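Q: Fold the stuff below for me.
(one chain, ligands or ions: 2)
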Amino acid sequence: MEKIYDLLVIGWGKAGKTLSAKLGAKEKKVAIIEENPKMYGGTCINVGCLPTKSLVHSAKILSEAKKYGIDGDYSFKNNFFKEAMKKKEEMTIKLRNKNFGILDTNENVDIYNGRASFVSNNEVKVISSDNKEIILKADKIVINTGSISRTLNIDGIDNKNIMVSEGILELKELPKKLLIIGAGYIGLEFASYFANFGSEVSIFQFDDSFLVREDEDEAKIIKEILEKKDIKFFFKTSVKKFEDLGNSVKAICVQDGKEFIEEFDKVLIAVGRKPNTDNLGLENTSIQLGKFGEILVDDYLKTDAPNVWAVGDVKGGPQFTYVSLDDFRIVFPQILGENNGRKLSDRILIPTSTFLDPPYSRVGINEKEAQRLGIKYTKKFALTNTIPKAHVINEIEGFTKILINENDEIIGASICHYESHEMINLLTLAINQKIKSKVLKDFIYTHPIFTESLNDILG
Ligand SMILES: Cc1cc2nc3c(=O)[nH]c(=O)nc-3n(C[C@H](O)[C@H](O)[C@H](O)COP(=O)(O)OP(=O)(O)OC[C@H]3O[C@@H](n4cnc5c(N)ncnc54)[C@H](O)[C@@H]3O)c2cc1C
Ligand SMILES: NC(=O)c1ccc[n+]([C@@H]2O[C@H](COP(=O)([O-])OP(=O)(O)OC[C@H]3O[C@@H](n4cnc5c(N)ncnc54)[C@H](O)[C@@H]3O)[C@@H](O)[C@H]2O)c1
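A: Numbers count the residues shown, from 1 in each chain. Ligands and ions are numbered 1, 2, ... in the order given. Coordinates of the predicted model:
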């Protein structure tokens, strides 16, 4: 069987689902192909941003309760964890169904559940779970297959207690002892919330680097904050071998050449994510891959096949949901045949928030980059304990650092405090619109909030 569409979208990622909905609304015939019915809505909703942030929030409640003397033994914490997992699951199912419904009720969009692979530049084969095959044809195709967790080649790693982020989001019991391999975004977010739930967390980093892209003073404060939660960092440390102990694993570890043995209930491998092009049949197309396995695209996200675009994590570069959404903005006018509008090189500022407790957020350039680029700057720095609201809610950890150039324009900001993930967007707007730092300094903010600290910090 064969069907013809205006657009085929492979993978239900952020950009692809938005394209499908908007093009369907414009009477274009769209097919979206998703291999896993539990992934309608994509990574973010099902196994990424939202479930993790639900757990970050629940774990924070437990650690807050501790400040009011409400605490308990492992059984108390485990029951709380199970409730949190239930709430996370309910939220995920609700959002997945909502996402499915948005496209399912769009009469111009057909949803295919199956694995897609290219037969040629404009033909895609879909094989469903019951092994039925269909060929879909379209003039235009968008690849939005996301990324997958990298893993490690360690003896014994194929153990039920060792998992990547998807697996750890399905745990039934709170691990008493958790090992996280990799001190990156995922490793640190999981470490922070599991420590808040009451797990004993160890992080192994194979070299001596920690948040290498960040300024050293910032990385130092963040590490200290995490250590106060009893998270133990092991640098220059890796695992040589895992041994199965039934409900736990024995890890034969090597730190700086010396061996030691530790037992963990669960192990999370968080050593990065790679573009998901496995079995996509790209060899049947003119699409080319880069050295990290990413689909190569031009400034308009077009691949080496003139009718195929790649969006989201699969094209390499920063892996964030809002970047995938911005990819939609670049591709949408092209699919409609309108003049090329937004392009990759227009995307200069990408703010980030790592949802630690407290969250760490960044935008623009930091001191390291400014020095490397020879950009002159003035630094404004304040600890969070100088902000009245921080004392009101007893959240006094962290800092704010803002860099200002010779024209009094903000060029970078790093914030680590309770509201950093909200506040960073105001600073992103200020940088984007070249708002003078004096304007933010003399601005009337409501009170008491974290953002009003700009009155003092920029003084
Ligand atoms: C644990 C974790 C936490 C994260 N937290 C955040 C966060 O807080 N904020 C943030 O902005 N980003 C976060 N991210 C990153 C973010 O989730 C991703 O950048 C984003 O979801 C990328 O989406 P995408 O559009 O590339 O595609 P995805 O959402 O990954 O969708 C790709 C889809 O394609 C499907 N697919 C793959 N191959 C095929 C095929 N051959 N045929 C059919 N279907 C296929 C997959 O099943 C999947 O549903 C997190 C990621 C993880 C793993
Ligand atoms: N809040 C957010 O926006 C958020 C949250 C989670 C994830 N994400 C996205 O997901 C992406 C992937 O996250 P991640 O943490 O898996 O990747 P990452 O690249 O951020 O971190 C990987 C870590 O593993 C280490 N590592 C690499 N190879 C290793 C090896 N062989 N042995 C031991 N350690 C090794 C790296 O040095 C690094 O510390 C992030 O880059 C980010 O874009 C975003």
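
Q: Leaving out sequence neighbours, find the closest residue to Asn339.
A: Take Asn339 and drop its neighbours on the chain: the residue closest to it by C-beta to C-beta, 6 or more residues apart in numbering is Pro333, 7.1 Å away. Bear in mind the C-beta positions are built from the backbone N, C-alpha and C, glycine included.

Q: Same check on Leu23?
A: Val30 (5.2 Å).

Q: what's the distance between the one you found and Glu107?
A: To Glu107, Val30 is 11 Å away according to C-beta to C-beta, to the nearest Å.

Q: higher neighbour count, those two?
A: Neighbour count, other C-beta atoms under 10 Å: between Val30 and Glu107, Val30 has more, with 27 against 9.

Q: Give the rounded mean pLDDT of stretch 96-113.
A: For stretch 96-113, the mean pLDDT works out to 97.

Q: If you could redo that for stretch 262-280, that was the one I meant.
A: Mean predicted lDDT for stretch 262-280 stands at 97.

Q: in it, what counts as buried?
A: For stretch 262-280, the neighbour count (16 or more other C-beta atoms under 10 Å) marks 264-277, 280 as buried.

Q: and it, is it in reach of ligand 1?
A: Yes. Applying C-beta under 6 Å from any ligand atom, one finds stretch 262-280 touching ligand 1 at 276, 280.

Q: what does this protein put close to ligand 2?
A: 152, 181-187, 189, 205-206, 238, 270-273, 318-320, 352-355.

Q: can you tell me which of those residues are in helices?
A: Residues of the residues of the chain next to ligand 2 located in helices (DSSP state H): 185-187, 189.

Q: want to throw the residues you listed into a markdown table with neighbour count and pLDDT?
A: Below are these laid out as a markdown table (neighbours: other C-beta atoms under 10 Å; pLDDT from 0 to 100):
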| residue | neighbour count | pLDDT |
| --- | --- | --- |
| Tyr185 | 20 | 92 |
| Ile186 | 23 | 96 |
| Gly187 | 22 | 98 |
| Glu189 | 23 | 98 |
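
Q: Return the member of those residues nearest to Lys438.
A: Proximity of these to Lys438 was ranked by C-beta to C-beta; the top entry is Tyr185 with 34.1 Å.

Q: and the closest residue in space to the closest one that isn't next to it in sequence, how many neighbours does it have?
A: Excluding its sequence neighbours, the residue lying closest to Tyr185 (C-beta to C-beta, 6+ apart) is Thr354, at 5.6 Å. Neighbours of Thr354 under the rule other C-beta under 10 Å: 20.

Q: Thr354 is in contact with Ser414, isn't it?
A: No. Counting by C-beta atoms under 8 Å, Ser414 is not a contact partner of Thr354; they are 11.0 Å apart.

Q: so what sits against both of these two?
A: Taking C-beta atoms under 8 Å, 6 or more residues apart in numbering as the contact rule, Thr354 and Ser414 both touch 360-361.

Q: Ramachandran coordinates for the residue lying closest to Pro318 once chain neighbours are set aside?
A: Closest residue to Pro318 apart from its sequence neighbours, by C-beta to C-beta, 6+ apart: Ile350 at 5.6 Å. Main-chain torsions, Ile350, degrees, to the nearest 10: phi -130, psi 100.

Q: so who does Ile350 touch?
A: Per C-beta under 8 Å, 6+ apart, neighbours of Ile350: 318, 320, 322-323, 363.

Q: can you tell me which of the ones in helices among the residues of the chain next to ligand 2 are up against ligand 1?
A: Intersecting those with the surroundings of ligand 1, defined as C-beta under 6 Å from any ligand atom, gives Ile186.

Q: Looking at the ones in helices among the residues of the chain next to ligand 2, spot the one nearest ligand 1.
A: Checking those against ligand 1 with C-beta to the nearest ligand atom, the nearest one is Ile186 at 5.1 Å.

Q: Isn't that closest one up against Ser165?
A: Yes. If you go by C-beta under 8 Å, Ile186 and Ser165 touch, sitting 5.5 Å apart.
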